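*Asks:* Predicted structure and sequence below. I'll ask about it afterward.
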Amino acid sequence: MAKEITSREEDYSQWYLDIVKKANLAQNSAVRGCMVIKPYGFSIWEKMQGQLDKMFKDTGHQNAYFPIFIPKSFLSKEAQHVDGFAKECAVVTHHRLMNDPNGDGVVVDPSAKLEEELIVRPTSETIIWNTYRDWINSYRDLPLLINQWANVVRWEMRTRLFLRTAEFLWQEGHTAHATKAEAIAETKQMQEVYARFAEDFMAVPVIKGTKSDSERFAGAEDTYTIEALMQDGKALQAGTSHFLGQNFAKAFDVKFLDENQKSEYVWATSWGVSTRLMGALIMTHSDDDGLVVPPRLASTQVVIIPIPKPNDEINAAVETITAELKAKGITVKYDQDKKKRPGYKFAEYEMHGIPVRLGIGKRDLEKGVVEVARRDTKEKSSQPLEGIADHIEQLLEDIQNNLFQRALDFRKEHTTHVDTFEEFKEVLETKGGFIYAHWDGTEETEKKIKDLTKATIRCIPNDAPEEDGKCVLTGAPSKRRVVFAKAY
RNA sequence: CGGGAUGUAGCUCAGUUCGGUUAGAGUACUGGUCUGGGGGACCAGGGGUCGAAGGUUCAAAUCCUUUCAUCCCGACCA
C-alpha cells in the first residue's frame, strides 16, 4: 500500500506529519517555515472560521481590517510587548528591486531604502491601538468590539505544519472598554466562547485557566487560556484571551471623557485563535488510518460510494438519498469515479476523515438497504433505505458526541494529581498528560521545574478549589493546584 | 545559533566506499485489456540540470571546496 501512515506508537511526530500530508491538509512551501494550506485543509479551516465568526458576531463584535505592516517605532511603545516579539520579526527595509547590474536576476535597489522600517505584524495590538486613539474620545464610543481575520508572521526557529509556522492565519479580537471590570468580563467571555467552540464543534475538551507570569502574553496583565491534551500526552494551548489593562492605552495615549467629564485611559482586551486549531483537531481525534473530522466541522459529512461502480439503478437510489440528506442540511458527496475501485475509495475517505460513508451495490438494492460505515469507530452496518436520512442525521450527532466523550475519557485517564516531585517526574515520564500539583507561586520554582522535567505550568484552572498543600518542588505552602504538562 | 544526519523521478529510496556506456527500482501518473463488496493483475508509455556554484579529471551522482535547504537533538518560542 502506497499511502501508509506511520503508526502513532512507532513515531508520533511522523504520524502527525503523515496525516497532514496524506489527508491533503497542507504542505511545506518554498519558504522555510511557511505552509501551503491545500483545498481540503482549507475547507476545514473555513468551517472553523464560519462558526467562530458567527459566535463573535453573536457576542456583539464587528469585523474590520488593519494593515499587515507596522512602523517599527510602534512596536517599541509598549516595553514588555517589544521584548516578547522583537526576536521573531520579519522586517521590510526596501520597496524596490532592480536588475542586477552584474548579470542576471534582480537585486534590492539600495536607493529604495525606507526611511522607517516596517515590521510584518506578529500581532496587531500596536497598529490597532494607534488607530483607536482617533476612534475613541467619549464614553459613548465604548465599548469598541472589533475582530479581524488576518495572517501574521513570527519568525520561529523550529516550525511544524499547523502547530507552529512562520506565517499563520488567525483571528484577533481587540476591544476597548470604559472600565476594568467590563474589560475583564470581556476577556472571560471570549475564553468561554473559545471553550464552547473547542468542545461543541471541534469535540476537543479543554481546561480553562489563566497563565502564570512567565507564560503570559507580552503586554498583558492576565492571559486566559484554553488547554487541550493531545494523544501523545502533551498539552496544546488552543486559544488565549488577554486582559491588557491600560498598558496599550497608555502606550498609545488612548483616553476618553467619562460621564463625569474626567479623562481616563481605556481598558483593553485582545484574544485569538489560529490555524493551530487544525493541529489540535488532528492530534485529538485521528488514528492510524488517517484523519478523523468531527461532523460539525466536516466540509463533506457523508460520502456515497457505488459498488463496484455507478450504474443507472444505483444512481437513482443515490439521487433519492442525496435529496433527503440535503434537505436536512447534511453535506453529501457521491463519488462516481469509475477509475478507482471501491476498496481504494474506502481507504481514501478514511484517510480524509469523512464521518459517514455509504456503500451501495446490487446486493443492497435487492434487499432495500445501504451499508453505513462510521469513521470514528469504523463500525459497519446495513440500514434500510427507508428512513435513511433520519438514521444518518442521528448518526452524525452520535459521532460528534462520541468523539468528544472519547477525548474526554482520554484526558481523564491522563490527568493525575501528585504530591511529591518523585511522583511528578514518574508520571511525566510514564504516561504524561496533565498533572495537578501544588506550586509555591514563584517564577524561580516554575523555571526550575521546567529545567528539570521540561514540563511547564499550562494554567491555573479557573475552577481550582482552594486546598492547602505544599509546593511539589520546594515544599512551600500553596493554596491551590495548578496544571503542569509538557507542551507543544 | 551549537551537535548530528540527509539532499538522486510527484513520493520512498538504491547507486557514492573504489570516478568509466544512454542514472535505476518500487510506488504514483497516462493509455489499453481483463477485472470488480476493503488500497486489483497484465501490457505499453511519459517523467531527472543527481540541491546549487566552483574546482580536479580524458571522464564526476561518485573526489575536493564553498554554499543553500530540510530533518532530528538542544537553545528559542502567546
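*Replies:* All right, it came through fine.
*Asks:* only C-alpha atoms for contact and neighbour calcs from this point on.
*Replies:* Will do.
*Asks:* I'd assumed A:Ala203 was in contact with A:Asn401.
*Replies:* Yes. Between A:Asn401 and A:Ala203 there is a contact under C-alpha atoms under 8 Å: 7.4 Å.
*Asks:* In terms of neighbours, single out the busier of those two.
*Replies:* Neighbours were counted for A:Asn401 and for A:Ala203 using other C-alpha atoms under 10 Å; A:Ala203 has more, 28 against 18.
*Asks:* Got the confidence number for the closest residue in space to that one that isn't next to it in sequence?
*Replies:* Spatial nearest neighbour of A:Ala203, excluding adjacent residues (C-alpha to C-alpha, 6 or more residues apart in numbering): A:Phe404 at 4.4 Å. On the pLDDT scale, A:Phe404 is placed at 98.
*Asks:* Lowest-scoring secondary structure element of chain A by mean pLDDT?
*Replies:* strand A:106-108 (a mean of 78; mean pLDDT, DSSP states H and E).
*Asks:* and the next helix or strand after it, what does it pack onto?
*Replies:* Later in the chain than strand A:106-108, the nearest helix or strand by DSSP states H and E is strand A:113-120. In this structure, strand A:113-120 packs against strand A:69-71, helix A:72-75, strand A:91-94, with contacts taken as 3 or more C-alpha pairs under 8 Å, 6 or more residues apart in numbering; DSSP states H and E.
*Asks:* and among those, the most buried is which?
*Replies:* Ranked by mean neighbour count, the helices and strands packed on strand A:113-120 are led by strand A:69-71 with a mean of 19 (mean count of other C-alpha atoms under 10 Å).
*Asks:* in terms of contact, does A:Phe85 touch A:Pro122 like I think?
*Replies:* Yes. Taking contacts as C-alpha under 8 Å, A:Phe85 lies within contact range of A:Pro122: 7.1 Å.
*Asks:* any shared contact partners between the two?
*Replies:* Residues touching both A:Phe85 and A:Pro122 (C-alpha atoms under 8 Å, 6 or more residues apart in numbering) are A:Arg154.
*Asks:* Between these two, point out the one with more neighbours.
*Replies:* Between A:Phe85 and A:Pro122, A:Pro122 has the larger neighbour count (other C-alpha under 10 Å), namely 23 against 16.
*Asks:* so that one touches A:Ala150, yeah?
*Replies:* No. Applying C-alpha under 8 Å as the test, A:Pro122 and A:Ala150 come out as separate, 10.7 Å apart.
*Asks:* list residues touching both of the two?
*Replies:* Joint contacts of A:Pro122 and A:Ala150 (C-alpha under 8 Å, 6+ apart) do not exist.
*Asks:* Which helix runs longest in chain A?
*Replies:* helix A:388-413 (DSSP state H).
*Asks:* Quickly run through the sheet partners of the next helix or strand after that one, with directions.
*Replies:* Sequence order places strand A:415-417 as the next helix or strand after helix A:388-413, per DSSP H and E. Strand A:415-417 has its sheet partners listed here by DSSP bridges as strand A:434-438 (parallel).
*Asks:* mean confidence for the very next helix or strand once past the partner strand?
*Replies:* Along the chain past strand A:434-438, the next helix or strand (assigned with DSSP H and E) turns out to be helix A:443-453. Averaged across helix A:443-453, pLDDT comes to 89.
*Asks:* if we can go back for a sec, in terms of secondary structure, what does the least confident helix or strand of chain A contact?
*Replies:* With contacts defined as 3+ C-alpha pairs under 8 Å, 6+ apart, the packing partners of strand A:106-108 are strand A:97-99.
*Asks:* Note down every partner strand of the strand it packs on and its orientation.
*Replies:* strand A:106-108 (antiparallel).
*Asks:* How far away from the center of its chain is the partner strand?
*Replies:* 38 Å (C-alpha atoms, centre = their mean, to the nearest Å).
*Asks:* Residues contacting that strand, please?
*Replies:* A:His94, A:Arg96, A:Leu97, A:Met98, A:Asn99, A:Asp100.
*Asks:* Please repeat the previous calculation with a cut-off of 10 Å.
*Replies:* For strand A:106-108, contacts defined as C-alpha atoms under 10 Å, 6 or more residues apart in numbering pick out A:Thr93, A:His94, A:His95, A:Arg96, A:Leu97, A:Met98, A:Asn99, A:Asp100, A:Pro101.
*Asks:* now stretch A:36-48
*Replies:* Stretch A:36-48 is contacted from outside by A:20-21, A:23-30, A:49-50, A:52-53, A:161-162, A:168-170, A:197-198, A:201-202, A:274-275, A:277-278, A:281, A:293, A:296-300, A:352, using C-alpha under 10 Å, 6+ apart.
*Asks:* Let me know whether it sits next to RNA strand B.
*Replies:* No. Using C-alpha under 7 Å from any atom of the strand, stretch A:36-48 stays clear of RNA strand B, coming no nearer than 13.0 Å.
*Asks:* Can you give me the buried ones in that stretch?
*Replies:* A:Ile37, A:Tyr40, A:Gly41, A:Phe42, A:Ser43, A:Ile44, A:Trp45, A:Lys47, A:Met48 (16 or more other C-alpha atoms under 10 Å).
*Asks:* quick one: the fifth one and RNA strand B, what's the gap?
*Replies:* Counting by C-alpha to the nearest atom of the strand, to the nearest Å, the gap between A:Ser43 and RNA strand B amounts to 20 Å.
*Asks:* where does that residue land in three-state SS?
*Replies:* Following DSSP: H, G, I helix; E, B strand; the rest coil, A:Ser43 is assigned to helix.
*Asks:* next one: the second one
*Replies:* Classification of A:Tyr40 into helix, strand or coil gives helix, according to three-state DSSP.
*Asks:* ok, it to A:Phe217 distance?
*Replies:* The spacing between A:Tyr40 and A:Phe217, counted by C-alpha to C-alpha, to the nearest Å, is 32 Å.
*Asks:* I'd say A:Asp335 and A:Ile314 touch.
*Replies:* No. The criterion here is C-alpha atoms under 10 Å, and A:Asp335 misses it with A:Ile314 at 11.8 Å.
*Asks:* what residues are shared contacts of those two?
*Replies:* Shared contacts of A:Asp335 and A:Ile314, defined by C-alpha under 10 Å, 6+ apart, are found at A:Ile305, A:Pro306.
*Asks:* out of these two, which sits in the busier spot?
*Replies:* Using other C-alpha under 10 Å as the criterion, A:Asp335 and A:Ile314 rank with A:Ile314 on top: 18 against 15.
*Asks:* SS state for that one?
*Replies:* Classified using three-state DSSP, A:Ile314 is helix.
*Asks:* what's the answer for the one 5 residues further on, then?
*Replies:* Under the three-state scheme (three-state DSSP), the conformation of A:Glu319 reads as helix.
*Asks:* Same check on the one 3 residues further on?
*Replies:* Under three-state DSSP, A:Thr322 falls in the helix class.
*Asks:* so it touches A:Thr331, yeah?
*Replies:* Yes. In this structure A:Thr322 lies within contact range of A:Thr331 using C-alpha under 10 Å: 8.7 Å.
*Asks:* Identify the contacts common to those two.
*Replies:* Shared contacts of A:Thr322 and A:Thr331 (C-alpha under 10 Å, 6+ apart): A:Val302, A:Val303.
*Asks:* Looking at these two, which has the bigger crowd around it?
*Replies:* For A:Thr322 versus A:Thr331, the count of surrounding residues by other C-alpha under 10 Å is larger for A:Thr322: 21 against 16.
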